[in-house]
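Model the structure of this input:
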Amino acid sequence: MSAGAAPQAPPVMTRAAGADQHYVARVTRASGTNFYYAFLFLPREQREAIHAVYAFCREVDDVVDAASNATEAAEASRRLAFWRGELAACYEGAPTHPITRSLAAHVGRYPIRRLDLEEILVGVERDVEPRPFADFDELTAYCHRVASAVGLVCIEIFGYKDPRARDYAVALGLAFQMTNILRDVRADALRGRVYLPADEMARFSCPAADLCAARPTPAFTALMRFQIERTRELFAQARRVFPQRDRRSLFAAEIMGAIYEAILEKVARRDGDVLRGKVKLSKPHKLIIAAGIYLRSRAARPA
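Numbers count the residues shown, from 1 in each chain. Sure thing, here's the model as predicted:
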């Protein structure tokens, strides 16, 4: 948790609370998220809190992903309104869904800001009726909501003493989301979602149709090289602001960063060709990355 916050005793786990926690853990495992390998090494209380946060993010994202026409978009908006009400109930009342019931137990233990969770909802809501991003500034605002805000929630669970941890969470979230965008550019474009900035696509003479093609065009390759280099710099920026005194507590964030940076480098080795199959890491590769960073963090001197 953040500097100055006194730790609270773990809540007593009732049978109902245990069922809710089992639900969010199952959602996290079933998702196949790259983050799962970072969660493995967390203490139990932190892992349970992270599972609740992840399940919430996964659920609201899936609501939007299911919308492919006007009728489904209207249903997605209705369901997001339900989750907005459930989020309010986490802080003000009695949530009714297993995910938000689990989340409510953890927002009472960790100093998780309601604003950051609300930002996530605002971010995914933009995808209900997709529209182009005019420039990188507009895309950055979106990435902050759907990724950096998640990081700001997570560091309150991991714990930190140096306030620069918040800058690290914001920078790393932007790097994560840009990696996701580059990795999934074709799959997203086929669903009518183009995340690369419109002004940059125009600068490289790369129309949206190139993002859906079976093979990369020279314009697509040039655009992807530019995006890869910028995303590399985003990871470098995150490393520059990483608070070394918090290395023991922020190891899970480091694991996430290393896994996503490895995905980015795999995209780079393909010269940006993500059109002929999804780029991913093997489970053993991710586990090796996670174990190595965890062990190094344990060797770090306590702050």
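
Roughly how far does R270 sit from R232?
15 Å (Cβ to Cβ, to the nearest Å). Where you see a C-beta, it was placed from the backbone N, CA and C, and this is true even at glycine.

what helix or strand does R47 sit in?
Secondary structure from DSSP states H and E places R47 in helix 44-65.

and what of L42?
Taking DSSP H and E as the definition, one finds L42 inside no helix or strand.

same question, A222
Counting by DSSP H and E, A222 is part of helix 218-241.

Skip ahead from that helix and say which helix or strand is next.
helix 251-269.

Report the buried residues of that following helix.
By neighbour count on 16 or more other Cβ atoms under 10 Å, the buried set for helix 251-269 is 251-261, 263-264, 267-268.

okay, now the domains of the protein?
Split into domains by automatic domain parsing, the chain comes to 13-129, 130-303.

Dump the ones you listed to TSV, plus mean pLDDT.
Below are those laid out as TSV (pLDDT from 0 to 100):
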stretch	mean pLDDT
domain 13-129	90
domain 130-303	95
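
what's around the closest residue to I255 other than its chain neighbours, how many residues?
Closest residue to I255 apart from its sequence neighbours, by Cβ to Cβ, 6 or more residues apart in numbering: A38 at 3.8 Å. For A38, the neighbour count with other Cβ atoms under 10 Å is 27.

got the CA coordinates for the one helix or strand A38 maps to in PDB?
Assigning secondary structure by DSSP H and E places A38 in helix 36-39. C-alpha atoms of helix 36-39 as PDB (Å, rounded to 0.1, in the frame of the first residue of the first chain):
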ATOM      1  CA  TYR A  36      -1.200 -14.500 -14.300                       C
ATOM      2  CA  TYR A  37       2.400 -15.300 -14.000                       C
ATOM      3  CA  ALA A  38       3.100 -12.100 -12.100                       C
ATOM      4  CA  PHE A  39       0.300 -13.000  -9.600                       C
END
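
so what secondary structure elements neighbour it?
If contacts are counted by 3 or more Cβ pairs under 8 Å, 6 or more residues apart in numbering; DSSP states H and E, helix 36-39 sits against helix 15-31, helix 44-65, helix 251-269, helix 283-299.

can you rerun that using 7 Å?
Helices and strands touching helix 36-39, as assessed by 3 or more Cβ pairs under 7 Å, 6 or more residues apart in numbering; DSSP states H and E, comprise helix 251-269, helix 283-299.

didn't Y142 look like it was pressed against G123?
Yes: taking contacts as Cβ atoms under 7 Å, Y142 lies within contact range of G123: 6.0 Å.

Just want to know which of those two has more residues nearby.
G123 (24 against 18).

Since that was my last question, I'll sign off now.
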